[in-house]
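Asker: Give me a 3D structure for the following:
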Amino acid sequence: DAEAEGDDENAGETGLARLLSSGPIFYVLMLCAVVVGSYFRAPLLGRSLWNDEEYAMRRYAHGSYEAGDEGKKAFKPVTWTNTLAENDNGNNHLLHSVLSRTSLAAWHRINNKPAEEFSETALRLPSFIAALLTLILVGIIGWECGLPWVGAGAAWLLALHPWHIRYSVEAKGYSLMLFF
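Answerer: All right, here's what the predicted structure looks like:
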């Protein structure tokens, strides 16, 4: 009976599963998944904004040009009240708006750019980082469940999945939602 109990504990443990269960190989597989995930996502960071990204950027993270009293257009930055409290049409992913605004502010300071300029890459950076952290988190969950090969496989699946790649670089809260 003790032998049958031992078999239940090791059910599904093939030679490959045992190999992947060893710490160093798991860590190498996870590191490679993050590197490959970065490789497919990084080139997409600077592409032009989609309509909903542009709307969220103007309303919650950066600002826009608006006509003044004399009819002349001037840049009007977003207030923190808009970033934290405004959500007229359900398009403000609050945490992402705060992180994007912070990322844009850092980009302005580092590059000494005027307030009206923005960077698609800086705007999308919080989504990109959250996506890569999600790959790591999925692997850790598999490891903690006692199935590191499942965690590594799931991380690789996300690293290569076209939908995850797409939503990983959108200036919206989608990849933050997957992370949390």
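Asker: buried sites along the biggest helix by length in the chain?
Answerer: Taking DSSP state H as the criterion, the chain has its longest helix at helix 120-144. Neighbour-count burial for helix 120-144, counted by 16 or more other C-beta atoms under 10 Å, picks out 120-132, 134-139, 142-143. Quick note: C-beta positions are derived from backbone N, CA and C, even for glycine.
Asker: Check stretch 94-113 too.
Answerer: For stretch 94-113, a neighbour-count test (16+ other C-beta under 10 Å) marks 96, 97, 98, 99, 100, 101, 103, 104, 107, 108 as buried.
Asker: thought residue 106 was touching residue 122?
Answerer: Yes - judged on C-beta atoms under 8 Å, residue 106 makes contact with residue 122 at a distance of 7.3 Å.
Asker: and residue 46, how far is that from residue 71?
Answerer: 34 Å (C-beta to C-beta, to the nearest Å).
Asker: likewise residue 141?
Answerer: Relative to residue 71, and taking C-beta to C-beta, residue 141 is found at 57 Å.
Asker: low pLDDT regions in the protein?
Answerer: 1-22 (pLDDT under 70).
Asker: Tell me where it has helices.
Answerer: Going by DSSP H, the chain shows helices at 2-9, 15-21, 23-41, 51-56, 80-85, 94-111, 120-144, 148-160, 162-168, 174-179.
Asker: Make JSON lines from the ones you listed and add distance to residue 64 to it.
Answerer: Output for these, formatted as JSON lines (distance: least, C-beta to C-beta, whole Å):
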{"stretch": "helix 2-9", "distance to residue 64": "61"}
{"stretch": "helix 15-21", "distance to residue 64": "50"}
{"stretch": "helix 23-41", "distance to residue 64": "27"}
{"stretch": "helix 51-56", "distance to residue 64": "10"}
{"stretch": "helix 80-85", "distance to residue 64": "11"}
{"stretch": "helix 94-111", "distance to residue 64": "13"}
{"stretch": "helix 120-144", "distance to residue 64": "14"}
{"stretch": "helix 148-160", "distance to residue 64": "34"}
{"stretch": "helix 162-168", "distance to residue 64": "25"}
{"stretch": "helix 174-179", "distance to residue 64": "23"}
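Asker: Neighbour count: residue 46 and residue 71, which is higher?
Answerer: Set residue 46 next to residue 71 and count neighbours by other C-beta atoms under 10 Å: residue 46 wins out with 13 against 6.
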